[in-house]
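Q: Predicted model, plus sequence, below.
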Amino acid sequence: MSELGVKDWVKQLVKQDEIDKYLVNGKDFIDEQHIYDTLTNNRKPEKQQVRDIIQKSLRIERLEPEETAALLHVEDPELWEEMVAAGLEVKRKVYDNRIVFFAPLYCSNLCVNNCAYCGFRNENKDEERRILTMDEVRQETEAVISEGHKRMIVVYGEHPRSDADYIAKTIETVYGVKKPARHGMGEIRRVNINAAPMSIADLKKLWNVGIGTYQVFQETYHKATYATVHPTNTLKGNYRWRLYALHRAMEAGIDDVATGALFGLYNWRFEVMGLLQHAIDLERQFGIGPHTISFPRMTPASGSALSIGSNYLVSDADFKKLVTVLRLSVPYTGLIITARENAQLKKELIQVGCTQTDASTRIGIGGYTEAMKELSNLECQNQEIDKQQFILGDTRRLDDVVRELAEMGMITSFCTAGYRCGRTGDKIMGLLKSCTEGKFCKLNAVLTFREYLDDYAFPETKAIGEKLIEQELSQIREAPFFNKGSLLETFEKMYQDIIKGKRDVYI
Ligand code: SAM
Ligand code: SF4
């Protein structure tokens, strides 16, 4: 496409009326002065006040900004310990002891924007540019399926060549790939995407091809910082177009939406408050908050001085605090920790209450296929900074991470049932808040873990996994919830069917 063609595409993309309709008296939901005042007024919370807030969270009620601000200022180490324990308890109540895995698939690093922190930005001439053909998408998907994954998040730079039509085609392509496993066929059963904000009409195209979750990170909620790192002459420079991306998705029918902030651009307490305001506004306008929240921490990117030298880089200790506070503030929402973080920190954050993570991650365009060629497996040792968006902290294979979690008593779930049974949006929110979804998830986690152990697990993982699955089965058989009606009977039959080789059964 000519440079003029790209410019014309950029010019027609933003639909001002699809921003204005969500404003209240011309104002968006980020009132910076109010956030600063709330943070200042709740700087010295009393012990009892903090404990009362923790109790509210344990009742699976979303916290108010004042309560979140108070938690963000806790200094007493004993109280932090109580908050971490409560976070894990919240997770157990809502999601049980399971972790959901996914693999990212980077389809294109062509980008019209110039985000100061990202290796894909237009002005980074060191980056090797590439967009996958559908054949390449198929090959990448096969490699991901071979690891045992069932969920994918597909990622794109913002460019006319990776517009909504291209994205829709990639989603359809991924769903169409089948790859033989030890028993039957493996496939991706849920395709989520991380892509730029779009119009309602474009989002409907994604809905029509069966998108799972639509994920857009606001990066920073602080307007002046946003303007500094996203030049105003670029598409991404439009703060409000991005701020209402998830509102438009809801309107287009995509009711599983995911937000996030790129931690390291501005003050981390402010960003947590911004994320909370985002959840509150989605609740106010659509009755449901975000399906997940992500908190990527800025990591070194090709040619980006900011990614190394920002004044706001978040320490490990503060990172753990902010994840803990988010866990307590938005108890019904999934929290995602990615392979940007190293293995040890990921492990700790899962114990703080994260619910989803990735593994065997490759973020170079065509990275999975290349890894298969080079190493005949996905152990990723060399990362080439000019071929990927940023440097990863954890490059272990899925099987290694599954085994580590099983050793910690956590079951890996490859369940994609909620989405396919219509348990999305307000239906799943209701089930999460009443702690019912977690119970269905437990059953589906066991069913999909059985599939994984039989189809993909290495012997050591299988041995540890078998012990864990036995414990899960005993808990299920003893729990009154599962003994009501014919639920247990249905589950036992499905479990036996899987052992006999049947696949993709769920409750
Ligand atoms: N281009 C789309 C966009 O910007 O929304 C989606 C893809 S972008 C590749 C996905 C996310 O990567 C961004 O939203 C940003 O938060 C994150 N990211 C960019 N540079 C990063 C860095 N240096 N370290 C960690 N995360 C980064
Ligand atoms: Fe492009 Fe997204 Fe990277 Fe910004 S963060 S340069 S929009 S790929």
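A: Done, it's in. Numbers count the residues shown, from 1 in each chain. Ligands and ions are numbered 1, 2, ... in the order given.
Q: Reduced to three states, what does the closest residue to residue 482 other than its chain neighbours come out as?
A: Using Cβ to Cβ, 6 or more residues apart in numbering and skipping the chain neighbours, the partner closest in space to residue 482 is residue 488 (4.7 Å). The C-beta positions use only the backbone N, C-alpha and C, and glycine is treated the same way. Judged by DSSP: H, G, I helix; E, B strand; the rest coil, the three-state class of residue 488 is helix.
Q: residues in contact with residue 488?
A: The contact partners of residue 488, by Cβ atoms under 8 Å, 6 or more residues apart in numbering, come to 476-477, 482.
Q: Turn those residues into a markdown table, including pLDDT and distance to ligand 1.
A: Output for those, formatted as a markdown table (pLDDT from 0 to 100; distance: Cβ to the nearest ligand atom, whole Å):
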| residue | pLDDT | distance to ligand 1 |
| --- | --- | --- |
| 476 | 93 | 38 |
| 477 | 93 | 43 |
| 482 | 85 | 39 |
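Q: how many neighbours does residue 284 have?
A: 11 (other Cβ atoms under 10 Å).
Q: can you check residue 405 too?
A: By other Cβ under 10 Å, neighbour count at residue 405 equals 23.
Q: I'd like to know which of the contacts of residue 488 are buried.
A: Among the contacts of residue 488, those classed as buried by neighbour count (16 or more other Cβ atoms under 10 Å) are 476, 482.
Q: from the contacts of residue 488, which ones fall inside helices?
A: When DSSP state H is applied, the contacts of residue 488 are split such that 476-477 fall in helices.
Q: three-state assignment of residue 232?
A: Using three-state DSSP, the three-state assignment for residue 232 comes out as coil.
Q: Next one, pLDDT for it please.
A: You'll see residue 232 listed with a pLDDT of 91.
Q: now do residue 483
A: Here, the pLDDT recorded for residue 483 equals 87.
Q: Then residue 463?
A: In this prediction, residue 463 carries a pLDDT score of 97.
Q: Could you give me the buried positions within the helix or strand containing it?
A: When elements are defined using DSSP states H and E, residue 463 is found to belong to helix 459-478. By neighbour count on 16+ other Cβ under 10 Å, the buried set for helix 459-478 is 461-462, 464-465, 468-469, 472, 476.
Q: How about stretch 353-362?
A: 353-362.
Q: what would the residues you listed look like in TSV with secondary structure?
A: Supplementary listing: these in TSV, determined by three-state DSSP:
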residue	secondary structure
353	coil
354	coil
355	coil
356	strand
357	strand
358	strand
359	coil
360	coil
361	coil
362	coil
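Q: and those residues near ligand 1, which?
A: When contact is defined as Cβ under 6 Å from any ligand atom, those do not meet ligand 1 at all.
Q: just curious, which of those residues is nearest to residue 137?
A: Distances from those to residue 137 were compared by Cβ to Cβ; the smallest belongs to residue 362, at 13.9 Å.
Q: which residue packs closest to the closest one, ignoring adjacent ones?
A: Nearest residue to residue 362 in three dimensions, chain neighbours excluded: residue 368, at 5.0 Å (Cβ to Cβ, 6+ apart).
Q: Might you quantify the distance of stretch 4-18 from its chain's geometric centre?
A: Taking Cα atoms, centre = their mean, to the nearest Å, the mean C-alpha location of stretch 4-18 is offset from the chain mean by 28 Å.
Q: ok, and what's touching that stretch?
A: Counting by Cβ under 8 Å, 6+ apart, the neighbours of stretch 4-18 from elsewhere in the structure are 1, 112, 159-160, 163, 199-200, 235, 238, 241, 244, 248.
Q: Is that stretch positioned near ligand 1?
A: No - where contact is defined by Cβ under 6 Å from any ligand atom, no part of stretch 4-18 touches ligand 1; the two come within 13.2 Å at best.
Q: In terms of helices and strands, where is residue 258?
A: Element membership for residue 258, per DSSP H and E: strand 257-260.
Q: any idea which helix or strand comes after that strand?
A: Next in sequence after strand 257-260, counting helices and strands by DSSP H and E, comes helix 268-286.
Q: next helix or strand past that next one?
A: strand 292-294.
Q: Show the average pLDDT along the very next helix or strand once past that following strand.
A: Heading C-terminal from strand 292-294, the first helix or strand you meet, by DSSP H and E, is helix 306-309. When pLDDT is averaged over helix 306-309, the result is 94.
Q: and the very next helix or strand once past helix 306-309, what other elements does it pack with?
A: Moving toward the C-terminus from helix 306-309, the first helix or strand encountered (DSSP H and E) is helix 316-329. Judged by 3 or more Cβ pairs under 8 Å, 6 or more residues apart in numbering; DSSP states H and E, the packing partners of helix 316-329 are helix 47-58, helix 65-72, helix 77-95, helix 268-286, strand 334-337, helix 343-352.
Q: can you put those in JSON lines and add mean pLDDT and distance to ligand 1?
A: Output for the helices and strands packed on helix 316-329, formatted as JSON lines (pLDDT from 0 to 100; distance: least, Cβ to the nearest ligand atom, whole Å):
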{"stretch": "helix 47-58", "mean pLDDT": "98", "distance to ligand 1": "26"}
{"stretch": "helix 65-72", "mean pLDDT": "98", "distance to ligand 1": "21"}
{"stretch": "helix 77-95", "mean pLDDT": "94", "distance to ligand 1": "23"}
{"stretch": "helix 268-286", "mean pLDDT": "98", "distance to ligand 1": "12"}
{"stretch": "strand 334-337", "mean pLDDT": "96", "distance to ligand 1": "12"}
{"stretch": "helix 343-352", "mean pLDDT": "91", "distance to ligand 1": "14"}
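Q: export the ones you listed to JSON lines and tack on distance to ligand 2?
A: As requested, the helices and strands packed on helix 316-329 are exported to JSON lines (distance: least, Cβ to the nearest ligand atom, whole Å):
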{"stretch": "helix 47-58", "distance to ligand 2": "32"}
{"stretch": "helix 65-72", "distance to ligand 2": "26"}
{"stretch": "helix 77-95", "distance to ligand 2": "29"}
{"stretch": "helix 268-286", "distance to ligand 2": "16"}
{"stretch": "strand 334-337", "distance to ligand 2": "17"}
{"stretch": "helix 343-352", "distance to ligand 2": "22"}
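Q: closest to residue 453 among the buried residues of stretch 353-362?
A: Comparing the buried residues of stretch 353-362 against residue 453 with Cβ to Cβ places residue 359 closest, at 15.8 Å.
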